[in-house]
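Visitor: build me a model:
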Amino acid sequence: MDMSILLGLQQFRESSGKFLADFFAKMTFMGEVNTVLVIMAVVYWCVSKEFGTYLLMGWSGNRLVNGALKITACAYRPWIRDSRIIPYGNAMTTATGYSFPSGHTMNAATVYGGTAVRRDIPRVLRITMGILLALVALSRCFLGVHTPQDVLVGALAGTLVMFLTVRLMHWIEANPQKDWIVLCVGLGLAALLAVYAALKPYPADYDAEGKLLVDGAKMANDTFKGIGWCTGFLAGWILERRFVQFTTEVSRGAKLTRMATGVLIYYIVSLILVPLVKNGLGGPAGTMVSSFLQLFYITFLFPLCIHALERKH
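Guide: Have a look, this model is predicted:
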């Protein structure tokens, strides 16, 4: 049934002109890793440290959940399951790892769904964020890179994690001295997932010419990224709480400076340092360490620098 729906969407996409396809290509961009990371970082540095922490914590949890589900289900991408599926444009370049559940949708469920489930957010904004989540999820099917099942489970699982993160944030607020428990539990879950991803067997199916359809080791790369991001967040979060304690209660000029400088350095880290570390170390270790650096920079290194500089001046 999933393939029938995708083929129907594909036929509609091909007959409706380029405008609609390009629109959904832009919507899918709103669920990409760098997009959501920059949004969460700017919120964390410049808008609300509490809300930014909530988003980053929920996203880190979502990346663990997504990674665990992907390598457990080991579901192939739609075009591998059915050669009639032809993804639109360069959509395949952002479709990494196994298909189930959709990583883009879980990213969107974090930022947009995570905003929608917060009762302290204005109703109009919550509705808008819910619509944006739905559009990102639909875009993955419309472009032919995910099935309806992939995006539906991704949206539900991602939003559930954000509901639980709301509860967790309330617990931390009531028990600030027990934040180390969150650190230990998170690191423990990440370690267990790393062992699971490294040791579990992956399916090895071949086409008519004897070529391997999907390399399980490559598919597990997204899971190792999630482990690195989660541990990077946890380490940066606890160190910031203990030794920095920066605030977003600063002037508008300081916020704009933070945003411009922080985003610029983030892209330097992501486009230069991360590939160097990943290629230098190689394998799962390189993937985890390079991903660790991205979240550690967002949650600790940049806040440490701005806190020191702003206090000095």
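Visitor: can you give me the helices for the stretch 151-300 of the chain?
Guide: All helices of the stretch 151-300 of the chain, identified by DSSP state H, counting those that start in this stretch, fall at 179-199, 216-219, 221-239, 252-268, 274-281, 283-296.
Visitor: mind giving me the packing neighbours of the helix or strand hosting Leu56?
Guide: Per DSSP states H and E: Leu56 is located in helix 49-73. The elements that helix 49-73 packs onto, with contact taken as 3 or more C-beta pairs under 8 Å, 6 or more residues apart in numbering; DSSP states H and E, are helix 33-42, helix 103-108, helix 114-116, helix 148-174, helix 179-199, helix 221-239. For every residue, glycine as well, the C-beta is placed using N, CA and C.
Visitor: buried deepest among the ones you listed, which one?
Guide: helix 103-108 (a mean of 31; mean count of other C-beta atoms under 10 Å).
Visitor: which residues does it contact?
Guide: 28, 30-33, 35-36, 59, 62-63, 65-66, 70, 94, 96-97, 132-133, 136-137, 139-140, 146, 150-151, 154-155, 157-158, 222 (C-beta atoms under 8 Å, 6 or more residues apart in numbering).
Visitor: what residues sit buried inside the helix holding Leu56?
Guide: Within helix 49-73, the residues scored as buried using 16 or more other C-beta atoms under 10 Å are 49, 51-71.
Visitor: how far off helix 33-42 does that helix point, in degrees?
Guide: Orientation of helix 49-73 against helix 33-42 (axes from the mean of the first three to the mean of the last three C-alpha atoms, to 10 degrees) gives an angle of 150 degrees.
Visitor: coming back round to it: need the helices and strands packed on helix 49-73 in a markdown table (columns: mean pLDDT and distance to Cys305).
Guide: Converted to a markdown table, the helices and strands packed on helix 49-73 look like this (pLDDT from 0 to 100; distance: least, C-beta to C-beta, whole Å):
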| stretch | mean pLDDT | distance to Cys305 |
| --- | --- | --- |
| helix 33-42 | 96 | 13 |
| helix 103-108 | 95 | 27 |
| helix 114-116 | 93 | 27 |
| helix 148-174 | 95 | 25 |
| helix 179-199 | 96 | 23 |
| helix 221-239 | 96 | 13 |
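Visitor: nearest to Ala254, of those?
Guide: Comparing the helices and strands packed on helix 49-73 against Ala254 with C-beta to C-beta, the closest turns out to be helix 33-42 (13.4 Å).
Visitor: just list what that closest one packs against, helices and strands only.
Guide: By 3+ C-beta pairs under 8 Å, 6+ apart, helix 33-42 packs against helix 49-73, helix 103-108, helix 252-268.
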